[in-house]
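A.B. asks: Build me a model from this:
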Amino acid sequence: MTMKPSNNIWIRRQQCSCGDWKCYIKFEGDDQTSASSQLVKSEAMPSSSLLEAVFTPYVGQIFKSDDDAFEYYSNFARKNGFSIRKARSTESQNLGVYRRDFVCYRSGFNQPRKKANVEHPRERKSVRCGCDAKLYLTKEIVDGVTQWYVSQFSNVHNHELLEDDQVRLLPAYRKIQEADQERILLLSKAGFPVNRIVKVLELEKGVQPGQLPFIEKDVRNFVRTCKKTVQENDALLTEKRENDTLELVEVCKAMVERDPDFVYDCTTDENGKVESIAWSYGDSVRAYSVFGDVVTFDTTYRSITYGLLLGVWFGIDNNGKAIFFGCVLLQEENSRSFTWALQTFVRFMGGQHPQTILTDIDSGLGDAIARELPNTKHVICIWHILSKLSSWFSLPLGSQYADFKADFDVLCHLESVEDFEHQWNLLVARFGLVSDKHIALLFLYRASWPLSFIRSCFVARMLTAEFSQSLDSFLKRILNAQTCLQAFFEQVRIATNLQNQTREGMQYMHIRTCMPIEEHARSILTPYSFNVLQHEIVLSLQYGTTEMTNGSHLVRHYRKMDGDFLVIWIPEDEQIHCSCKEYEHSGILCRHSLRVLTLKNYFELPEKYFLHRWRSETLSAPMDDQNAQIRSNDCAQTFHSLAETILTESLISKERFDYVHRELTGLLEHIRNMPVIDEFALNTAPNNVSE
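C.D. replies: Numbers count the residues shown, from 1 in each chain. I've put the predicted structure just below:
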């Protein structure tokens, strides 16, 4: 057996965060995983409808190839309680192989073997009994098309045929699929005995003991056969890892000479071999000084080829896009390695600690964050938890899983800690999960993931679906079929070069309410942050207020679609606080606060509520790009104003409308035929874009 090289060195981490190898995580939405599991299931247990469709072969039956005939006869044999094997084949110089003989697995007789020179030789009883069941094929060429037809067929057996639960145990039908082979080798390498490997596979596939498409003997033979090959491949892989990591260090050294702002660091073991390596770029360090208040440390992927965990540091810029801060490759997934990664990252970023860090659920990483970043709030990304629910609970809950998932989604978005803990207890009791280790794990980390616990924690809209998609898009760009570390490093460099990132087209920010605070906000915020605030401004019009005796305000929806919210207004220093804590959570004022400010006759929002990170003046790209964006916005506003005037004038009469429609149609056609690049476009384009 030879190891097949992987097309991509990065795969999703599949060991559960609880550390139990039996917890084989299948991520929701992972098409490849689900497809492979369906393939295994279909190959392991052919559906009755598929087998029912196989009719008894007959003389003269035609097949396109001998392989098709063998598969057809094999399905027929399984349905009827026996298996088949390939016997002789006959070939000629002109036709090649022109005859194939398929026979029952008990056909013929074993030739007597020469007895071994041992004191007590082992006598093995042969299964062959001279059964005459057979199917012979002959090849012919008709009108230039090759086909095979059944020349002889017999279904007469001189032995008992097997029932379905017995026939599946015949060697011909006991196959270990590729996905199972990889899992068996991984568990064997981790020290699992064969009997426990079988139990783990039964748990993962949700089948009863003894119902796998192979038996313990097959696993033992497979492991024994692969052992030597695995040892040889491990030696080759070890040499490749050492060489490639050394090359990566050399690439980093060369990058320092080309880019003085590039930073990297690595650790070595007692033999001088590279263990872990981290790097970042000057643009990333400068971006961190502006957007480093919230970071996410993504550890979703690891490399089986190199035995390395990939960790990528991201932030969110003022356009709501994922922005790269740094990258780290770790040999081990433990608290010590994560501690080094955190220390190195903070050192790269000039010692500035983030206000909030978002990660996957991992006990080793959590311990390292608590120790190295004691003043940083640790938040576990909810989408990481939701992606694991199916793997954790679908099997034990069965048909109840859909109801559990719906209740869990509601639980995640409760606003009160008391409500969360009450509903949590009801959920656990309802579905009988009191002793479940994953439920215990989630409850242990409850201060880091439910909205009720993190609603006052600043995450800068990193928990939105839009940011998650932006992050996934970035990861796919750097993980796309990279087969060596040097190619991966180059892909990261290209993807994270801020000057080459995709630029937003001209965006005109439309006014929807004509409120002065909306006009004022448009002049300050980026299109992304303005759209978020604008949405809150529009919704604020649906709320009524009641002033309390202490000067605070009770805000509620006119249809009572949600609960009451308490807004406290302190006029002396223009402070406003809402019980929903949206501003503390995202840095953008909520609809409840905006309703009270409107009531207080505010035509412009106080400057303190326009965070620097959301302003359009905040640099998320080189200065030339910002100037180009400003010019683009000016052009957009000019054209928008002109278009509104033309629309107003053209609606006065049908004659005017027809004239405008005719002229604009011709103008549009003329513009489409003009060259794409001209002097005006060059003047408004970013100056630092190379030809």
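A.B. asks: and stretch 658-677, how far from the chain's centre?
C.D. replies: Centroid displacement of stretch 658-677 relative to its chain, using CA atoms, centre = their mean, to the nearest Å, is 45 Å.
A.B. asks: Output that stretch in PDB with nothing but the alpha carbons.
C.D. replies: Presented in PDB, the C-alpha positions along stretch 658-677 are these (Å, rounded to 0.1, in the frame of the first residue of the first chain):
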ATOM      1  CA  ASP A 658     -40.400  60.100 -24.200                       C
ATOM      2  CA  TYR A 659     -37.700  62.500 -25.100                       C
ATOM      3  CA  VAL A 660     -35.700  61.800 -21.900                       C
ATOM      4  CA  HIS A 661     -36.100  58.000 -22.400                       C
ATOM      5  CA  ARG A 662     -35.000  58.200 -26.000                       C
ATOM      6  CA  GLU A 663     -31.900  60.300 -25.300                       C
ATOM      7  CA  LEU A 664     -30.800  58.400 -22.200                       C
ATOM      8  CA  THR A 665     -31.100  55.100 -24.100                       C
ATOM      9  CA  GLY A 666     -28.900  56.400 -26.900                       C
ATOM     10  CA  LEU A 667     -26.500  57.900 -24.300                       C
ATOM     11  CA  LEU A 668     -26.200  54.600 -22.500                       C
ATOM     12  CA  GLU A 669     -25.400  52.800 -25.700                       C
ATOM     13  CA  HIS A 670     -22.800  55.400 -26.600                       C
ATOM     14  CA  ILE A 671     -21.100  55.000 -23.200                       C
ATOM     15  CA  ARG A 672     -21.000  51.200 -23.400                       C
ATOM     16  CA  ASN A 673     -19.100  51.600 -26.800                       C
ATOM     17  CA  MET A 674     -16.500  53.900 -25.300                       C
ATOM     18  CA  PRO A 675     -13.000  52.600 -24.300                       C
ATOM     19  CA  VAL A 676     -12.900  51.400 -20.800                       C
ATOM     20  CA  ILE A 677      -9.700  53.300 -19.900                       C
END
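A.B. asks: got the domain boundaries for the protein?
C.D. replies: For the chain, the structural domains run 61-109+127-168, 174-245, 281-497, 516-614, going by the TED database.
A.B. asks: Turn those domains into JSON lines, columns for mean neighbour count, mean pLDDT and distance to Gly272.
C.D. replies: The C-beta positions use only the backbone N, C-alpha and C, and glycine is treated the same way. As requested, those are arranged in JSON lines below (neighbours: other CB atoms under 10 Å; pLDDT from 0 to 100; distance: least, CB to CB, whole Å):
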{"stretch": "domain 61-109+127-168", "mean neighbour count": "15", "mean pLDDT": "89", "distance to Gly272": "53"}
{"stretch": "domain 174-245", "mean neighbour count": "15", "mean pLDDT": "81", "distance to Gly272": "10"}
{"stretch": "domain 281-497", "mean neighbour count": "18", "mean pLDDT": "91", "distance to Gly272": "14"}
{"stretch": "domain 516-614", "mean neighbour count": "17", "mean pLDDT": "92", "distance to Gly272": "43"}
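A.B. asks: and Ser653, which of those domains is closest to it?
C.D. replies: Judged by CB to CB, the one of those that comes nearest to Ser653 is domain 516-614, at 32.4 Å.
A.B. asks: if we can go back for a sec, distance to Ile9 for the domains of the chain - can I get that in CSV?
C.D. replies: As requested, the domains of the chain are exported to CSV (distance: least, CB to CB, whole Å):
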stretch, distance to Ile9
domain 61-109+127-168, 34
domain 174-245, 10
domain 281-497, 4
domain 516-614, 34
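A.B. asks: among those domains, which is nearest Phe639?
C.D. replies: Among the domains of the chain, the nearest to Phe639 by CB to CB is domain 516-614 (16.1 Å).
A.B. asks: ok, back up a step: please identify which of the domains of the chain is closest to Ile646.
C.D. replies: The closest of the domains of the chain to Ile646 is domain 516-614. By CB to CB, the value is 22.6 Å.
A.B. asks: what distance separates that closest one from the centre of its chain?
C.D. replies: 35 Å.
A.B. asks: Distance across that domain, terminal residue to terminal residue?
C.D. replies: End-to-end distance for domain 516-614, by CA to CA, to the nearest Å: 19 Å.
A.B. asks: cool, and stretch 586-600?
C.D. replies: First residue to last in stretch 586-600 (CA to CA) measures 23 Å.
A.B. asks: again, but for stretch 554-565
C.D. replies: First residue to last in stretch 554-565 (CA to CA) measures 6 Å.
A.B. asks: Contacts for that stretch, please.
C.D. replies: 542-546, 548, 566-567, 578-580, 592, 595-596 (CB atoms under 8 Å, 6 or more residues apart in numbering).
A.B. asks: need the longest helix for the chain.
C.D. replies: Secondary structure of the chain per DSSP state H: the longest helix is helix 216-258.
A.B. asks: If you count contacts, what does it end up packed against?
C.D. replies: helix 178-189, helix 194-205, strand 263-268, strand 274-280, helix 485-495 (3 or more CB pairs under 8 Å, 6 or more residues apart in numbering; DSSP states H and E).
A.B. asks: Adding distance to Val145, write these out as TSV.
C.D. replies: Output for the helices and strands packed on helix 216-258, formatted as TSV (distance: least, CB to CB, whole Å):
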stretch	distance to Val145
helix 178-189	34
helix 194-205	42
strand 263-268	62
strand 274-280	59
helix 485-495	45
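A.B. asks: Among those, which comes closest to Trp383?
C.D. replies: Across the helices and strands packed on helix 216-258, Trp383 has its closest neighbour in helix 485-495 (21.4 Å, CB to CB).
A.B. asks: State the three-state secondary structure for Val328.
C.D. replies: Following DSSP: H, G, I helix; E, B strand; the rest coil, Val328 is assigned to strand.
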